[in-house]
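**Q** Test case, fold it:
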Amino acid sequence: MLREKFKWRPHENESTDAEHSGGPPCRSDEVSVMGMEQRGRVIQLELKINQVWEESLKKAKPFEISKEVVWEAWKQVKANQGAPGVDSESIADFERNLKDNLYKIWNRMSSGSYFPPPVRTVAIPKKTGGERLLGIPTISDRIAQTVVKMYFEPFVEPCFHEDSYGYRPGKSAIQAVRITRERCWQYDWVLEFDIKGLFDNIDHDLLMKAVRHHTEIKWILLYIERWLKVPFQKEDGTLVERTKGTPQGGVISPLLANLFLHYVFDKWMERNYPGNPLCRYADDGITHCRTEAEALALKEALDARFKECGLELHPEKTKIVYCKDD
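**A** Sure, this is the predicted structure:
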């Protein structure tokens, strides 16, 4: 679809009779039969060459990645628009040579030779003061990330907690608010928390352990690991190596963050505190408690759990709240 495969064809001026053989002239019916036989041999040879060509292509591509998925990934990236990455290439620039650009992505990903470029970083001011770094991948890298996301998300999405609402298809913040209000009628106390710098502090080893739990597909594992290790590039061109975190602004980062917290928080709560309902929207969460003492004890346990996994509760945004019935 993205590029026609090369196929060998015989030259149009190839002889189909015995005129150059040096033998006696043939009757017209003999020439016709001989021509048909030779054309048949040519067709068989052509089919054989094309078969060998197809088999060589398969052998050269160790990973089976659909071109149609690459095309769908491009459509999603185009619809989302967004700023250029480190190569300064815009959506419009990429589209000018669309067929070749998409073919390059497919070809490199299928052969295992796709290496993501550095992630451009932009400092975004926070409302509460300070800055947060937003990562901006290139257009090509966004497409590649979308391809992996389209393959990997169906493996993990059905396993996620029903009360995890951030960055998930069919889930919304409005749903999270509604279920929290309903539960506040049954539970008088709430532990409200925020994870400080979630995307910057995700432990790579723990994350990859979670990824491997859901898939053994080698190319998915390969490219996720490469994205985790790719450096940041500052506005002055300086490269910053990373040993933890996944860039906030990357296409696949929200899915990976949800997977990480699924085991760090959601499953942990189910095992250890089954009587305390939870609600989480990305790095913001709520657990319902019956008493203030229960909420204080849970806060202490949760703080220890997050530290164990390389995370930290935000000291200013984590609090215990009494739910008034009126």
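**Q** going forward, measure contacts between C-alpha atoms and count neighbours the same way
**A** OK.
**Q** Please report the distance of the closest residue to Lys319 other than its chain neighbours from Gly112.
**A** Leaving aside its chain neighbours, Lys319 sits nearest to Glu192 (5.4 Å; criterion: C-alpha to C-alpha, 6 or more residues apart in numbering). Glu192 is 44 Å from Gly112, where distance means C-alpha to C-alpha, to the nearest Å.
**Q** Who has more neighbours out of the two?
**A** With other C-alpha atoms under 10 Å as the criterion, Glu192 and Gly112 differ in neighbour count, and Glu192 comes out ahead with 20 against 16.
**Q** Going along the chain, name the helices of the stretch 1-150 of the chain.
**A** Listed in chain order, the helices found in the stretch 1-150 of the chain under DSSP state H, counting those that start in this stretch are 28-60, 67-80, 91-96, 98-111, 139-156.
**Q** Where among the ones you listed is average confidence lowest?
**A** By mean pLDDT, the lowest-scoring of the helices of the stretch 1-150 of the chain turns out to be helix 28-60, with a mean of 62.
**Q** where does the residue nearest to Lys319 land in three-state SS?
**A** Secondary structure of Glu192, reduced to three states by DSSP: H, G, I helix; E, B strand; the rest coil: strand.
**Q** Name the helix or strand of this protein that has the lowest mean pLDDT.
**A** Every helix and strand in the chain was compared by mean pLDDT, DSSP states H and E; the lowest is helix 28-60, with a mean of 62.
**Q** which non-adjacent residue is nearest Leu191?
**A** Take Leu191 and drop its neighbours on the chain: the residue closest to it by C-alpha to C-alpha, 6+ apart is Ile320, 4.6 Å away.
**Q** Asp87 now?
**A** Excluding its sequence neighbours, the residue lying closest to Asp87 (C-alpha to C-alpha, 6+ apart) is Thr138, at 6.7 Å.
**Q** circling back: residues contacting the residue nearest to Lys319?
**A** Going by C-alpha atoms under 8 Å, 6 or more residues apart in numbering, Glu192 touches 284-287, 317-321.
**Q** Just those residues: which are in strands?
**A** Those of the contacts of Glu192 mapping onto strands are 284-287, 319-321, per DSSP state E.
**Q** most surrounded residue in these?
**A** Neighbours were tallied for each of these (criterion: other C-alpha under 10 Å), and the maximum of 23 neighbours falls on Thr287.
**Q** Tell me the spacing between that one and Arg305.
**A** Separation of Thr287 from Arg305 (C-alpha to C-alpha): 15 Å.
**Q** do the same with Ser111
**A** Computed as C-alpha to C-alpha, the Ser111 to Arg305 distance reads 40 Å.
**Q** How about Val230?
**A** Note on Val230: its distance to Arg305, by C-alpha to C-alpha, is 28 Å.
**Q** of those two, who's got more company?
**A** Taking other C-alpha under 10 Å, Val230 and Arg305 do not tie; Val230 has more neighbours (20 against 16).
**Q** Who's the closest spatial neighbour of that one, skipping the chain neighbours?
**A** Here the residue nearest Val230, using C-alpha to C-alpha, 6+ apart, is Pro118, at 5.7 Å.
**Q** Please verify my assumption that that neighbour contacts Glu235.
**A** No - in this structure, Pro118 sits apart from Glu235 without contact. The criterion is C-alpha atoms under 8 Å, and the distance is 11.9 Å.
**Q** Which of those two has more residues huddled nearby?
**A** In terms of neighbours (other C-alpha under 10 Å), Pro118 is the more surrounded of Pro118 and Glu235; the figures are 24 against 12.
**Q** Please tell me how far that one sits from Lys149.
**A** Note on Pro118: its distance to Lys149, by C-alpha to C-alpha, is 19 Å.
**Q** follow-up on the earlier one: switch the ones in strands among the contacts of Glu192 over to CSV; also include distance to Ile217.
**A** Below are these laid out as CSV (distance: C-alpha to C-alpha, whole Å):
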residue, distance to Ile217
Asp284, 31
Gly285, 32
Ile286, 34
Thr287, 35
Lys319, 41
Ile320, 43
Val321, 44
